[in-house]
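Student: Sequence and predicted structure, then a few things I'm wondering about:
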Amino acid sequence: MKENICTIPINDLFKPKDGCPVCRMTEMLEENYVDFIVGDAMMEPNIRIETNAKGFCHRHFSKMFTAGQKLPNALILESHLKSVIENVLPQKPSGKPDKKALEKIESLNKTCYVCERIDTDIHHLLATVFAEYQKSEEFRSLYREQPFICLNHYALIMRDAVGKRGVGSKYIKDFHKDTYELAKKQLETLKEQTTYFCSMFDYRNRGKDFGDSKDVIERDIEFLTGEKP
């Protein structure tokens, strides 16, 4: 699975120029892993062991239910529930809380197989972005032409850029400047449009056109969180 994800031509993820490119990477990884879990992973014992132990967050349980047939979902849940009974829930009730069992339950509520795979693989994809940025002027131009880098992924990409598989000293200043400009420009645009949107509720502006600000609230949320409302 990792090989399929990490060998996807990175240019293909940047060419659409639609929103934040790191959001597109995340969405692609999420879609691939959800399809994998309710598809090929059904026959992978090692994957089942991991999904039994980690479970899934509500978001990815919901996406699995939507993407897959009911039987694969039921088989995954059957196996996971069995694991919870055997390894998480207290074996016998007692007069006081079982602290270890409660810790296991709280830990299970914080883990998700798909989230963890995305968190791991996004770093591999970013390493490919950094390599392409250093190798190709064409890709550097493509990077600068992106609509924006969302605030959530701005922090991620800036940290990774100075990591072990990040951008070398020759290009790091240019990369930081390009990424900063992609975030700042969008932030300033959204602030201006949000201010305009608010002004449209002043009685003196009654009847005027909302223009580009009509969906600014949704775009504000997407920029700040990395997810569409």
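Tutor: Okay, I see it.
Student: low pLDDT regions in the protein?
Tutor: Within the chain, the stretches with pLDDT under 70 are 1-8.
Student: Nearest residue to the middle of the protein?
Tutor: Closest to where the C-alpha atoms of the chain average out (C-alpha atoms, centre = their mean) is Thr26, at 4.0 Å.
Student: Which strands or helices does the helix or strand where that one lies pack on?
Tutor: Under the criterion of DSSP states H and E, Thr26 resides in helix 21-37. In terms of contacts (3 or more C-beta pairs under 8 Å, 6 or more residues apart in numbering; DSSP states H and E), helix 21-37 is packed against helix 2-6, helix 10-14, helix 58-67, helix 113-135, helix 151-161. Glycine gets a C-beta too; all of them are placed from N, C-alpha and C.
Student: ok and that helix relative to helix 113-135, angle-wise?
Tutor: Relative orientation of helix 21-37 versus helix 113-135 (axes from the mean of the first three to the mean of the last three C-alpha atoms, to 10 degrees): 140 degrees.
Student: could you point out which element follows helix 21-37?
Tutor: Scanning forward in sequence from helix 21-37 by DSSP H and E, the next helix or strand is helix 45-54.
Student: circling back: nearest to Leu142, out of the helices and strands packed on helix 21-37?
Tutor: helix 10-14 (5.1 Å; C-beta to C-beta).
Student: The residue lying farthest from the centre of the chain in helix, strand or coil?
Tutor: In terms of distance from the mean C-alpha position of the chain, Gly95 ranks first, at 42.6 Å (C-alpha atoms, centre = their mean). With DSSP: H, G, I helix; E, B strand; the rest coil as the basis, Gly95 sits in coil.
Student: Against Lys104, how distant is it?
Tutor: Distance of Gly95 to Lys104, given as C-beta to C-beta, to the nearest Å: 20 Å.
Student: Likewise for Gly39?
Tutor: For Gly39, the distance to Lys104 equals 29 Å [C-beta to C-beta].
Student: and what of Glu44?
Tutor: In terms of C-beta to C-beta, Glu44 sits 24 Å off from Lys104.
Student: list the helices and strands the one helix or strand Lys82 maps to packs on?
Tutor: Assigned by DSSP H and E, Lys82 belongs to helix 70-87. Counting contacts by 3+ C-beta pairs under 8 Å, 6+ apart, helix 70-87 packs against helix 45-54, helix 58-67.
Student: tell me which residues in the helix or strand just after it are buried?
Tutor: Once helix 70-87 ends, the next helix or strand along the chain (criterion: DSSP H and E) is helix 99-108. Under the neighbour-count criterion of 16 or more other C-beta atoms under 10 Å, helix 99-108 has 104, 108 buried.
Student: tell me the angle helix 99-108 makes with helix 45-54.
Tutor: Orientation check (the same axes, to 10 degrees): helix 99-108 against helix 45-54 gives 110 degrees.
Student: So which bits of whichever helix in the chain runs longest are buried?
Tutor: Ranked by number of residues, the top helix in the chain under DSSP state H is helix 172-199. Of the residues in helix 172-199, 172, 175, 178-179, 182-183, 186-187, 189-190, 193, 196-197 count as buried by neighbour count, 16+ other C-beta under 10 Å.
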